[in-house]
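1. give me coordinates for this.
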Amino acid sequence: MAPLDSLEALVEQIHASPKYRMISPDTIRDLLRQELPKHKQRQAGIAAARRKLHQVAAHYLGETDFAAAERSLAAAFAAGSDEAVRQACREILRSHASSRERLDELQEIYPRIWELIGGPPRSLLDLACALHPLGWRWMGLPRTALYHAYDLDERVVSLVNFYFRLEGVQPGAVLMDVVCSPPGEEAGVALLFKMYHCLETRRRGAGWEMVKAARARLVVVSFPRHNLRGRQREILDFHAPDLTARVAAEGWTCRRLDLQNEAFLIVTKT
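-> Purely as a prediction, here's the structure:
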């Protein structure tokens, strides 16, 4: 392992690059600590960390124009029309591969989940949220619900907070790598949508650690039913059985909800 001052210099160097300056330094530090000890040559370790960082930063991201997204939201709210706001949110969600796959089922997802857990939660944690909070108008949450969102990309956090200010949703989004720093807030429900397998790819066991660490009795984990290459069920079949077995080993329960593009595992900690 590189000395701390050398490690921090590397973190600063990588974070200063235009490609990664919007990513939490905690993420960069974590990946360097993970990869450097695996390689005899320091440069090989740095290259491996950069590859992993690219994978983490790029996974499921599309071509979101964050400045244009804010302008679109501002114009929609100024118009004062519910449909204008929904349309602006749809277009932003369409720019992100993961949320684009969810668009056709937005009306169905949340009522189905809330029905299984006894109604809309009054507080929730949206872990590694990406653009998911832009679906707030489809969630059927009470206006007083506390919505805690977390992401490692500063652009995402800024956009979500911009939107939440317009909606009047509290408390908002925080720049946080949940792998490095699991949130300390408590809530009725935690959401980990289409990220369990990404966390497991980043570090084996990280997805399960997040489920355990989430300070919520109910954790809703989702998996895409197709990967980005269009193959059916590959991700779901690989990760869902392992998650279900881990849940059972804890003495917890797990229910499953299958939709066309996404499968949801609702973990109840007992």
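2. after the lowest-mean-pLDDT helix or strand in the chain, which helix or strand is next?
-> Within the chain, no helix or strand scores below helix 97-100, which has a mean of 82 by mean pLDDT, DSSP states H and E. Using DSSP states H and E, the helix or strand that follows helix 97-100 towards the C-terminus is helix 106-117.
3. which parts of that next one are buried?
-> Leu106, Ile109, Tyr110, Ile113, Trp114, Ile117 (16 or more other Cβ atoms under 10 Å). C-beta coordinates here come from the backbone N, C-alpha and C atoms, glycine included.
4. helices along the stretch 51-200 of the chain, start to end?
-> Here the stretch 51-200 of the chain has its helices, by DSSP state H, counting those that start in this stretch, at 66-79, 82-94, 97-100, 106-117, 136-139, 154-167, 196-202.
5. just list what the third one packs against, helices and strands only.
-> Pointing back at helix 97-100 there. Packed against helix 97-100 by the contact rule (3 or more Cβ pairs under 8 Å, 6 or more residues apart in numbering; DSSP states H and E) you find helix 82-94.
6. need the helices of the stretch 51-200 of the chain in JSON lines (columns: distance to Leu36).
-> Below are the helices of the stretch 51-200 of the chain laid out as JSON lines (distance: least, Cβ to Cβ, whole Å):
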{"stretch": "helix 66-79", "distance to Leu36": "32"}
{"stretch": "helix 82-94", "distance to Leu36": "37"}
{"stretch": "helix 97-100", "distance to Leu36": "30"}
{"stretch": "helix 106-117", "distance to Leu36": "41"}
{"stretch": "helix 136-139", "distance to Leu36": "40"}
{"stretch": "helix 154-167", "distance to Leu36": "25"}
{"stretch": "helix 196-202", "distance to Leu36": "16"}
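7. mean pLDDT for those helices: which is lowest?
-> Among the helices of the stretch 51-200 of the chain, helix 97-100 has the lowest mean pLDDT, at a mean of 82.
8. could I get that helix in PDB with only the CA atoms?
-> Taking C-alpha atoms only, helix 97-100 is exported to PDB below (Å, rounded to 0.1, in the frame of the first residue of the first chain):
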ATOM      1  CA  ALA A  97     -29.900   3.900 -19.500                       C
ATOM      2  CA  SER A  98     -31.100   2.500 -16.200                       C
ATOM      3  CA  SER A  99     -34.100   4.800 -15.700                       C
ATOM      4  CA  ARG A 100     -34.900   4.700 -19.400                       C
END
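9. could you list the buried residues of stretch 208-221?
-> Buried positions in stretch 208-221, judged by neighbour count with 16+ other Cβ under 10 Å: Trp208, Met210, Val211, Lys212, Ala213, Ala214, Ala216, Arg217, Leu218, Val219, Val220, Val221.
10. just these: which are in helices?
-> If you go by DSSP state H, the buried residues of stretch 208-221 have Trp208, Met210, Val211, Lys212, Ala213 in helices.
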